[in-house]
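# Pasting the sequence and the predicted coordinates here, then a few questions.
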Amino acid sequence: MTTASADRAHQYQRWQGTLGKAHWTWPAIVVNGVTLSLKHAKTRTMLLTSGVPVLTASGVFYVISLLESVVGTEQAKGLYDFLGAILRIDISGITRLAEFRDVLWRSTFLMVTKFQMFWVLIVVARVGAGLIANDLKARALPIYFSKPVTPTTYLLGKWTVVASFVAMVMLIPSLIALGLGTVLAGGPETWGQVLSLGVDVSLSGLIVCVVAGAAVLALSSITSDQRYVTVGWVAICILPILAQRIINESLPPEVTTGWLGCISLRDDIVVLTERLLRIRQGLAATGLPAERFNQALGHAVEPAKAAVVLGAFTAAAIFMSWRRVVRFSRTAATV
Amino acid sequence: MTPILECERLTKRYGKIVALKGISLAIQPGVVGLLGPNGAGKSTLISVLLGQTPASSGAATVLGMDIRRGQRAIRRRVGFVPENDCLIPGMSGTGYVYYAGRLAGMSHADAMQRAHEVLDYVGMEEARYRPAEQYSSGMRQRLKLAQALVHDPDVLFLDEPTNGMDPQGRQMMLGLIGDLGRAGISVLLSSHLLPDVERVCERVIIMGGGEVLTEGRLEEMNKPHPTLYRVDFTGDAATFRRRLTDDSVHVLEQVDGGLQIALPEEGSQRLVLQAARDTATLVLGLQPKRSSLEETFMAAIQRQQQA
């Protein structure tokens, strides 16, 4: 118990330092958000398990390099079958493997991305749900808005917390997999390929960061109860996936290549990732018939429409959370 | 002396409700009390001065900076202690104050060092590493003061800083506020606890219904009334009263052992002595009435309600 003495032994000392620029307060919000989230053992465990796709991808790169060295021999059949099962693409027709290494690696990344989306879903729900909701619940907003923090810097800080975790779960493991793959399989001559692939993978990770961050912050600004945010997050992530499956099964494919194929945000992200990684064109260039990879890639949805849906959703989410935070900032003194 | 706060016809409307009705005031450096009942507009005034809520009309400056254009600059030089709890779960006292320092724009090293200094100052030496949600009400209030002080503001806005504190903690908080005033930090203390304001404030602003009802130095508010007196006496009260009334002295009420009277004009105490001599009454005491802050406050509120 602290002693509360009315007679202070020492007097208030003025501080002689200088404050930094007010625009740069948002990194403090990021560091605090990330630090607080990492205090939870479950979050740390999720981050650790997100390394599983990395190991898988590295293993696949190694198998591709093995296949390159034994192609045309008896051993190659088993490796073709293994890769076909992992990538869900029958690549047995590709004999000049070294030439088409890039597209095989890109296909591997698409497969990894689909797995990683599962981790992103859970980690963002865990980390992002309480980012604004907990501040509302604890009535902590006066602390932010009595300091030189604006609604924009506040939101930017909170969004970067989500983006940091998405990067930890998705982007960084992908880049590690790329590095490991280069060391294990490619060798120095593949650096050029890897650099281009690294840029595309980073862009695809950035799309997930933007969309997931905006969505979860919008939900988190609606209520002060983190549980409702989690329910809302699951609803906007899972339900459209199920709806999309039903639509795809019940309607002819040519109908679902347009707006009707863009209902699920997760599928839209996969469509854009596939477009960014240029997989369909790459696989077609190998001479493989389309029916061999169409099943793995799913039916073709127009990427522009998927981008419009994601863009509109993200813009609406950012606008909504910004509006809510501006409202909270204006009532912060009397919350 | 340059005022720390200046308002010129400052108005804030929430739809049809007018929370601030054209307030004009200038507050000099020092410890100033902001008194008023619930809904008086105290919190709205603080919110507007912090630049959180835009004013509907009028103008105001804090430390010479316009509240419309200099929000962030103002907040860098102002500390705010909100009325409610505002602790971030999962943080220790040190982490919380450090974070507040970082939000104010301090470097990592400065924020950490300063967090320890101010926590030490507010008397949270050994409790600083405990999770803040385990703190008692008094400790939470002191923690809120520490976060407001971490960047060494020139002005402090304190909204009910002694709420929920035990007498010992309250004394300590008031001691700290007084010390901050002596250290050159101007304090705007919003409170409904008149003894708190009387103890630490030099000036008082009384608000009601979104208006400034009265303001002034505390000693001026407590100065002797020019015409209201209390006279203690022994003798025939009825005769003495009648004689006083004949001389236009208004007898307000009979109190234990004496009368509350209102003299017809300032300096006419001789009328009381004259009446005593004429009625053979022995005057034991004749003292001007001193207004307490509470009386001033109540009178201001009543005038406002009647208006």
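Happy to help now that I have it. The shown structure was predicted, so the numbers you read here are calculated from the model rather than taken from an experiment.
# which residues touch the nearest residue to residue A:277 once chain neighbours are set aside?
Distances taken as CB to CB, 6 or more residues apart in numbering or on different chains put residue A:106 closest to residue A:277, at 4.3 Å, once the chain neighbours are dropped. Where you see a C-beta, it was placed from the backbone N, CA and C, and this is true even at glycine. Residue A:106 is in contact with A:197, A:200, A:277-279, A:282, counting by CB atoms under 8 Å, 6 or more residues apart in numbering or on different chains.
# From these, keep the buried residues only.
Buried members of these, counted by 16 or more other CB atoms under 10 Å in any protein chain shown: A:197, A:200, A:277, A:279, A:282.
# Would you mind listing the buried residues in stretch B:282-301?
B:283, B:286, B:289, B:291, B:293, B:296-297, B:300-301.
# Which residues does the strand or helix carrying residue A:245 contact?
Secondary structure from DSSP states H and E places residue A:245 in helix A:226-250. Under the criterion CB under 8 Å, 6+ apart, residues A:121, A:124-125, A:128-130, A:133-134, A:137, A:215-216, A:219-220, A:222-223, A:256, A:260-261, A:263-267, A:299 lie in contact with helix A:226-250.
# Over to stretch A:32-42?
Contacts of stretch A:32-42 (CB under 8 Å, 6+ apart): A:43-44, A:126-127, A:131, A:157-158, A:160-161, A:164-165, B:88, B:90-91, B:99, B:102.
# Can I get the buried part of these as one ChimeraX selection?
Entered in ChimeraX, the line below selects the buried ones among the contacts of stretch A:32-42, by 16+ other CB under 10 Å:
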select /A:43,126,127,131,157,158,160,161,164,165 /B:88,90,91,99,102
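# Would you point out the most distant pair within the contacts of stretch A:32-42?
Greatest spacing in these, by CB to CB: A:126 and B:102 (24.2 Å).
# Now for the residue positioned nearest the centre of chain B, which secondary structure element holds it?
Centroid-nearest residue in chain B, with CA atoms, centre = their mean: residue B:33, separated by 1.8 Å. Taking DSSP H and E as the definition, residue B:33 sits inside strand B:31-35.
# Please see if stretch B:88-100 touches chain A.
Yes: judged by CB under 8 Å from any CB of the partner chain, stretch B:88-100 and chain A are in contact via B:88-91, B:99-100.
# Who is the residue nearest to the centre of chain B paired with across the strands?
Per DSSP bridges, the residues bridged to residue B:33 are residue B:189, residue B:204.
# what about it, distance to residue A:192?
72 Å (CB to CB, to the nearest Å).
# Equivalent analysis for residue A:323, please.
46 Å.
# Same question for residue B:93.
Taken as CB to CB, the span from residue B:93 to residue A:192 is 54 Å.
# Just want to know which of those two has more residues nearby.
residue B:93 (27 against 10; other CB atoms under 10 Å in any protein chain shown).
# so which strand or helix has the nearest residue to the more buried one once chain neighbours are set aside?
Computed as CB to CB, 6+ apart, the closest residue to residue B:93 that is not its neighbour in sequence is residue B:128, at 4.2 Å. Using DSSP H and E, residue B:128 is not contained in any helix or strand.
# so what secondary structure elements neighbour the helix or strand of chain A with the lowest mean pLDDT?
Ranked by mean pLDDT, DSSP states H and E, the helix or strand of chain A with the weakest confidence is helix A:290-297, at a mean of 73. For helix A:290-297, the packing partners by 3 or more CB pairs under 8 Å, 6 or more residues apart in numbering or on different chains; DSSP states H and E come out as helix A:101-128, helix A:279-285.
# Tell me which of those sits most buried.
helix A:101-128 (a mean of 22; mean count of other CB atoms under 10 Å in any protein chain shown).
# What is the next helix or strand after that helix packed up against?
Next helix or strand after helix A:101-128 toward the C-terminus (DSSP H and E): helix A:130-137. For helix A:130-137, the packing partners by 3+ CB pairs under 8 Å, 6+ apart come out as helix A:151-166, helix A:191-220, helix A:226-250, helix A:303-330.
# Between helix A:130-137 and the shortest one, find me the angle.
Angle between the axes of helix A:151-166 and helix A:130-137 is 140 degrees (criterion: axes from the mean of the first three to the mean of the last three CA atoms, to 10 degrees).
# Give me the residues contacting the very next helix or strand once past helix A:151-166.
Following helix A:151-166 in sequence order, the next helix or strand is helix A:172-181 (DSSP H and E). Here helix A:172-181 makes contact (CB under 8 Å, 6+ apart) with A:50-51, A:53-54, A:57-58, A:61-62, A:105, A:109, A:112-113, A:116, A:194, A:197-198, A:201-202, A:205.
# so residue A:329 sits right up against residue A:146, yeah?
No: taking contacts as CB atoms under 8 Å, residue A:329 lies outside contact range of residue A:146: 10.1 Å.
# When the two are compared, which one has more neighbours?
Using other CB under 10 Å as the criterion, residue A:329 and residue A:146 rank with residue A:146 on top: 29 against 22.
# returning to that earlier point: can I get the contacts of residue A:106 in CSV with pLDDT?
CSV is the format used below for those (pLDDT from 0 to 100):
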residue, pLDDT
A:197, 84
A:200, 88
A:277, 85
A:278, 86
A:279, 84
A:282, 82
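# Out of the residues you listed, which is nearest to residue B:144?
residue A:200 (49.0 Å).
# Quick one: residues contacting that closest one.
A:106, A:276-278 are the contacts of residue A:200 under CB under 8 Å, 6+ apart.
# which of those residues sit farthest apart?
A:106 and A:276 (9.3 Å).
# Would you mind measuring from the closest residue in space to residue A:57 that isn't next to it in sequence to chain B?
Residue nearest to residue A:57 in three dimensions, not counting chain neighbours: residue A:177, with 3.9 Å by CB to CB, 6+ apart. Distance, residue A:177 to chain B, using CB to the nearest CB, to the nearest Å: 33 Å.
# what does stretch B:48-60 rub up against?
The contact list for stretch B:48-60 (CB under 8 Å, 6+ apart) reads A:145-146, A:329-333, B:5-13, B:20, B:22-23, B:44, B:47, B:62, B:66-68, B:70-72, B:74-75, B:78, B:80, B:157.
# what stretches of the stretch 51-200 of chain A score poorly on pLDDT?
Within the stretch 51-200 of chain A, the segments meeting pLDDT under 70 span A:186-189.
# what's the neighbour count on residue B:302?
Counted by other CB under 10 Å, the residues lying close to residue B:302 total 12.
# I'd like to know which elements the helix or strand harbouring it is packed against.
Using DSSP H and E, residue B:302 falls within helix B:293-306. Here helix B:293-306 touches helix B:194-200, strand B:203-208, strand B:211-217, helix B:218-221, going by 3+ CB pairs under 8 Å, 6+ apart.
# Mean neighbour count, those: which tops it?
Buried most deeply of the helices and strands packed on helix B:293-306, by mean count of other CB under 10 Å, is strand B:203-208, with a mean of 24.
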